[in-house]
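Engineer: Only the shape, not the letters, is given here:
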């Protein structure tokens, strides 16, 4: 059991999370009217949220629909930059600490 927990603690879970989030964003259908939301404000019935539409805007940006992305949420490009830079830093850190590459 101790060996399993030791191996599990060495996995780069944050890296898997961010790569999974990019994959999930690319699989969103931005034109659907009803979609699953993790937004706590929307789930509480509050209609205004500063982050709502960000995932769909990032999907539109990945498809090359820049105007539609900007009109849905203007911070989609910044979100991509932040997430991709974090992925880059985690990979770089993983390579230096585990002697990969």
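Structural biologist: Nice, I can see it. In this text the structure is predicted, and so the values were computed from the model without any measurement. Numbers count the residues shown, from 1 in each chain.
Engineer: Student question: in the protein, what's the helix or strand with minimum average pLDDT?
Structural biologist: Between all helices and strands in the chain, the lowest mean by mean pLDDT, DSSP states H and E belongs to helix 2-10, at a mean of 73.
Engineer: quick check: angle from the biggest helix by length in the chain to helix 2-10?
Structural biologist: Determined from DSSP state H, the single longest helix within the chain is helix 76-97. With axes from the mean of the first three to the mean of the last three Cα atoms, to 10 degrees as the basis, helix 76-97 and helix 2-10 are set at 130 degrees to each other.
Engineer: what mean pLDDT would you report for helix 76-97?
Structural biologist: For helix 76-97, mean pLDDT rounds to 91.
Engineer: now stretch 55-71
Structural biologist: The average pLDDT within stretch 55-71 is 93.
Engineer: gap between the residue most central in space within the chain and residue 55?
Structural biologist: By Cα atoms, centre = their mean, the chain has its centre lying nearest to residue 21, at 3.5 Å. Distance from residue 21 to residue 55, counting by Cβ to Cβ, to the nearest Å: 9 Å. In this view, the C-beta of every residue, glycine as well, is placed from N, C-alpha and C.
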